[in-house]
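Participant: fold the following for me, if possible:
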Amino acid sequence: MENTGHQPQPAAGEDQDLVLKRAIEAAYQGAGTPVGQPTAATPQAPADSEDPQVAHGVLLLKAAGVASAELIAHRDTWEWLAALAVDHSHFRTPPSVEDIKEGRVQTVLSGRSLIALLIELWNTRSTATPLQGDWALAMTTYNRIAAELTDVTETIRIVLDDGLPHEAGY
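Facilitator: Reported below is the predicted structural model:
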């Protein structure tokens with residue numbers, strides 16, 4: 001008797017990476033099934049966009065398409081972010097970090113540096129102890145960047161200050 005409900009699973013880590021890449025590409029392009037992937041061989045989750053790895057991959061692709069993003073944060077927060085990402089091969093220290101007011105700084109990150117920051121924030125979210133400072137900073141910053149990259153239509157401004165209106169003059 002044939003088992004028609006069984007779907008082949010990737011045999012090796014490389015195959016799993018290929019499946020993940022195809023799922024990310026499909027989600028990024030808004031397609032239901034990855035191009036070149038037969039429907040029967042595609043592992044079906046409730047929705048690829050609900051898979052945290054796929055959502056993270058889509059976010060990285062969106063960041064790759066950004067020339068620059070303005071970042072506004074408290075100097076302490078900026079220093080934590082820079083220290084977190086500085087050893088990543090894609091992070092580049094911005095040419096300037098300007099003091100604006102009340103301890104806040106403003107800088108511009110390239111899309112490449114934004115990718116590095118997202119990767120390091122993702123890793124920190126996963127490995128940091130819940131309810132501790134690194135976890136809270138990583139979660140908040142990652143989510144704030146994700147929100148700004150969701151509907152990219154103009155210059156990206158990431159504000160890490162809930163005490164200021166998003167469109168406030170700096």
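Participant: low pLDDT regions in the protein?
Facilitator: Counting by pLDDT under 70, the chain contains low-confidence ranges at 1-14, 31-49, 165-170.
Participant: so where do the strands sit in it?
Facilitator: Using DSSP state E, the strands found in the chain span residues 68-74, 97-99, 104-110, 156-160.
Participant: the last one vs strand 68-74, what angle?
Facilitator: Right, strand 156-160. Inter-element angle recorded for strand 156-160 and strand 68-74: 10 degrees (by axes from the mean of the first three to the mean of the last three C-alpha atoms, to 10 degrees).
Participant: quick one: strand 156-160 to chain centroid distance?
Facilitator: 14 Å (C-alpha atoms, centre = their mean, to the nearest Å).
Participant: please parse this protein into its domains.
Facilitator: Split into domains by automatic domain parsing, the chain comes to 13-50, 62-160.
Participant: most packed of those domains?
Facilitator: domain 62-160 (a mean of 16; mean count of other C-beta atoms under 10 Å). Where C-beta positions appear, they are placed from N, C-alpha and C, glycine not excepted.
Participant: now the end-to-end length of it.
Facilitator: Between the start and the finish of domain 62-160 there is a gap of 20 Å, counting by C-alpha to C-alpha, to the nearest Å.
Participant: that older thread, nearest to residue 56, out of the domains of the chain?
Facilitator: Residue 56 sits nearest to domain 62-160 of all the domains of the chain, at 5.7 Å, using C-beta to C-beta.
Participant: distance from the chain centre to the closest one, please.
Facilitator: 10 Å.
Participant: okay, the strands of the chain in TSV with distance to residue 19 next?
Facilitator: Listed next are those as TSV, based on distance: least, C-beta to C-beta, whole Å:
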stretch	distance to residue 19
strand 68-74	30
strand 97-99	40
strand 104-110	30
strand 156-160	30
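Participant: quick one: the helices in the chain?
Facilitator: In the chain, the helices defined using DSSP state H lie at 13-29, 52-64, 75-85, 111-127, 133-150.
Participant: out of the ones you listed, the one nearest residue 101 is which?
Facilitator: Comparing these by C-beta to C-beta, helix 75-85 comes nearest, at 11.3 Å.
Participant: tell me who's in contact with residue 75.
Facilitator: Applying C-beta atoms under 8 Å, 6 or more residues apart in numbering, one finds that residue 75 lies in contact with 99, 103, 104, 105.
Participant: could you redo the last one with a cut-off of 7 Å?
Facilitator: Residues in contact with residue 75 (C-beta atoms under 7 Å, 6 or more residues apart in numbering) are 103, 105.
Participant: again with residue 121
Facilitator: 138, 141, 142.
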